[in-house]
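Q: Any chance you could fold what I've pasted below:
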Amino acid sequence: MTAVLTNKMVVIIATDAPIGVALNTAALLGVGLGRHHDGTVGPDTTDAAGTPHTGMCAYPIPILRADDLRTLRAQAAARADVTIHDMHQVAQQARTYEQMAGTLAGTKPEDIQYLGLALYGPRQSIDSLTGALPLYR
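A: Below you'll find the model as predicted:
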């Protein structure tokens, strides 16, 4: 029997992000989601031969596209039940985490260029924020 998932995860990539940046952004946002939300990764499994396979994400994660990530982020931030993970050009251009943190600390919010967002929360909240967004293709 499959459990009904009451929460939902989505990743939204900036429409104009080059493919390499988009793939990297999606991967980094997925790691952030998994780190911050218990139960997102299922238990390890085995195949018919007994070969072990590490746990996979228990949620489907649609990858969507959007032009205005700043507005979407602000809308999501206004909801207490939605968790936001973001990826921005400051992080993408930094060579170390420490460099990113230092540069970000000196960057005005209006100067941050978002490459992607990952949202997690109740299905209804996430759908209301992202339901009109197209799939990334």
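Q: what's the first-to-last distance across stretch 120-133?
A: With Cα to Cα, to the nearest Å as the measure, stretch 120-133 spans 16 Å from end to end.
Q: low-confidence ranges in this structure?
A: Residue ranges of the chain with pLDDT under 70: 1-5.
Q: Tell me where it has strands.
A: In the chain, the strands defined using DSSP state E lie at 7-14, 45-46, 52-53, 63-66, 83-88, 114-122.
Q: would JSON lines of the ones you listed with distance to A76 and mean neighbour count be doable?
A: Quick note: C-beta positions are derived from backbone N, CA and C, even for glycine. Below are the strands of the chain laid out as JSON lines (distance: least, Cβ to Cβ, whole Å; neighbours: other Cβ atoms under 10 Å):
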{"stretch": "strand 7-14", "distance to A76": "10", "mean neighbour count": "23"}
{"stretch": "strand 45-46", "distance to A76": "32", "mean neighbour count": "10"}
{"stretch": "strand 52-53", "distance to A76": "33", "mean neighbour count": "8"}
{"stretch": "strand 63-66", "distance to A76": "11", "mean neighbour count": "20"}
{"stretch": "strand 83-88", "distance to A76": "5", "mean neighbour count": "20"}
{"stretch": "strand 114-122", "distance to A76": "5", "mean neighbour count": "23"}
